[in-house]
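Enquirer: Just to be clear, the model below is a prediction. Sequence and coordinates:
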Amino acid sequence: MRCFDCIERGHDTVAVAVCMECGAALCSSHTTTVAHLPHRLAGMGRATSPAPTRRLLCRTCHRTHGAA
Ligand SMILES: [Zn+2]
Ligand SMILES: [Zn+2]
């Protein structure tokens, strides 16, 4: 699979990840890693401290979602 963003720019780069939002294949330089804290409410109201998960986004989705 090739990086979608690179293909659009006329490059041919092997993809190493897939955007979790749009599903585009991405090379390492076009992949944005976002730490994501899952907001999971336990039924008994006990708040554990969840470990942040990793979200891989393309640059377009990263901009669109304004993820910090
Ligand atoms: Zn790329
Ligand atoms: Zn995307």
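Expert: Here it is on my side, so go on. Ligands and ions are numbered 1, 2, ... in the order given.
Enquirer: In contact with Ile7, which residues are there?
Expert: By CB atoms under 8 Å, 6 or more residues apart in numbering, the contact set of Ile7 is empty. Placement of C-beta: from N, CA and C, glycine included.
Enquirer: what about it, which SS state?
Expert: When the structure is reduced to helix, strand and coil (DSSP: H, G, I helix; E, B strand; the rest coil), Ile7 reads as helix.
Enquirer: How about Thr31: what's its closest non-neighbour residue?
Expert: When the adjacent residues along the chain are set aside, Thr31 lies closest to Ala17, with 4.5 Å between them (CB to CB, 6 or more residues apart in numbering).
Enquirer: So that neighbour is in contact with Ala24, correct?
Expert: No: counting by CB atoms under 8 Å, no contact exists between Ala17 and Ala24, whose distance comes to 9.5 Å.
Enquirer: more crowded one of those two?
Expert: Between Ala17 and Ala24, Ala24 has the larger neighbour count (other CB atoms under 10 Å), namely 22 against 19.
Enquirer: right, and the more buried one touches Cys6 too?
Expert: No: no contact is recorded between Ala24 and Cys6 when judged using CB under 8 Å, the distance being 10.5 Å.
Enquirer: Need the residues that contact the longest helix along the chain.
Expert: Ranked by residue count, the top helix of the chain under DSSP state H comes out as helix 59-65. For helix 59-65, the surrounding residues in contact (CB under 8 Å, 6+ apart) are 5, 19-22, 24, 30, 32, 34, 57.
Enquirer: Tell me which of these fall in strands.
Expert: The members of the contacts of helix 59-65 that map onto strands under DSSP state E are 32, 34, 57.
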